[in-house]
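K.L.:
What would the 3D arrangement of this be:
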Amino acid sequence: MVECEFYTPARKEEWDSFVLDSKTPLFIFKRSFMEYHADRFVDASLMIYEDKVLVAVLPGSRNEKVLVSHGGLTYGGLVLSQKVKAETVLESVQALMLFAKDNGFDKIVYKAMPYIFSRHGAQEDLYALFRVGAEIVRRDLSSIIYLDNRLKLSKGRKWLIARAKKNNLVVTDSQDWTGFIELLHDVLAKHGAAPVHTSQELELLASLFPNNISLRVVVAEEKILAATLLFKFGEVVHTQYLATSAEGKEVGALDHLIETCIQESASEGFKYFSFGVSTEDGGKYINSGLLAQKESFGARAMIIDFYEIVLND
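P.N.:
Numbering: from 1, shown residues only. Presented below is the predicted three-dimensional model:
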């Protein structure tokens, strides 16, 4: 019998241990990462048991009567045990729906996990969603590079990288979280946006996950010309943020930074380099300039789907 229960802080060790041994052992699903912004989200994470054995967890948050997997995370969905099989996942999704309805939710918004983050086949949940009539309500276009089968750089990108090297620009690690956020704020402000994280939050997260989070920069005369925040997941290196100043753009600092990170990721044995999404307005609009930049490095598309389950029909 499959049953759902809400996560409680007393189960932190059980949750974290399960995540580390799951099909998708991403550090962003550990409680210390999920809870750094606990003031912004009402946690509604679930633990799913089959005959008292934990077989799945759902990082979740509550938005009024909507259960979201999870409002503060880019990726979500069920985190599955390595041993779990398709029939159990089908039962888990059905139990999830019943539990959510019994606890006052009208709807579930389910963020599917991109396949590159799984160390085993882990898409039983997508079949289960099909079986229960879930509908795709959003589709984002992300960009990834297969590091062992990479497409060639564009000529324009090669020229800018060569220019950066001619100016003796060097890529280094940094702990200047304040300078990074200031640069990022200036870049995003031009588009009417702002950084999701604060410098204090990034410093905290980097201290909690030093093997998974790093800040790479190009600096000249004590000024950050370009920077990227890297998240490392198993076989994937992901650029959480990319930013460059006007001066940095002129001398190819960001191009040199990105190419260096790609080459380092390949040499360190990673399989994928992920740039993240280039879509806006719930996936309905493509930022063509941003997408073209990623494609010029040899990246191509990967889809991130959002499903919706209406519980009161």
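K.L.:
contacting residues for the closest residue to Asp106 other than its chain neighbours?
P.N.:
Using C-beta to C-beta, 6 or more residues apart in numbering and skipping the chain neighbours, the partner closest in space to Asp106 is Lys65 (4.3 Å). No exception for glycine: its C-beta is placed from N, CA and C like everyone else's. By C-beta atoms under 8 Å, 6 or more residues apart in numbering, the contact set of Lys65 is Gly104, Phe105, Asp106, Lys107.
K.L.:
Check which residues of stretch 176-194 are buried.
P.N.:
Asp176, Trp177, Gly179, Phe180, Ile181, Leu183, Leu184, Val187 (16 or more other C-beta atoms under 10 Å).
K.L.:
Just give me the residue right at the centre of this structure.
P.N.:
Closest residue to the average C-alpha location of the chain: Thr74 at 4.4 Å, with C-alpha atoms, centre = their mean.
K.L.:
what's the spacing between that one and Phe231?
P.N.:
From Thr74 across to Phe231, the span is 9 Å (C-beta to C-beta, to the nearest Å).
K.L.:
which residues do these two both contact?
P.N.:
With C-beta under 8 Å, 6+ apart, Thr74 and Phe231 have common neighbours Ile28.
K.L.:
Make TSV out of the contacts of Lys65 and add neighbour count.
P.N.:
Below are the contacts of Lys65 laid out as TSV (neighbours: other C-beta atoms under 10 Å):
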residue	neighbour count
Gly104	11
Phe105	22
Asp106	15
Lys107	17
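K.L.:
For the stretch 51-200 of the chain, which residues score under the pLDDT cut-off?
P.N.:
Along the stretch 51-200 of the chain, no part satisfies pLDDT under 70.
K.L.:
could you pull out the helices for it?
P.N.:
Remark: helices assigned in the stretch 51-200 of the chain by DSSP state H, counting those that start in this stretch are 86-102, 124-131, 155-166, 177-189, 199-208.
K.L.:
okay, those helices in a markdown table with distance to Val79 next?
P.N.:
A markdown table is the format used below for the helices of the stretch 51-200 of the chain (distance: least, C-beta to C-beta, whole Å):
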| stretch | distance to Val79 |
| --- | --- |
| helix 86-102 | 11 |
| helix 124-131 | 10 |
| helix 155-166 | 37 |
| helix 177-189 | 29 |
| helix 199-208 | 19 |
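K.L.:
So which of the ones you listed is nearest Val19?
P.N.:
When these are compared by C-beta to C-beta, helix 199-208 sits nearest Val19, at 14.3 Å.
K.L.:
And the closest one, what's buried?
P.N.:
Ser199, Leu202, Glu203, Leu204, Leu205, Ala206.
K.L.:
and those residues as CSV, adding distance to Gln240?
P.N.:
CSV is the format used below for these (distance: C-beta to C-beta, whole Å):
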residue, distance to Gln240
Ser199, 14
Leu202, 9
Glu203, 14
Leu204, 15
Leu205, 10
Ala206, 11
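K.L.:
Kind regards, and thank you for your time.
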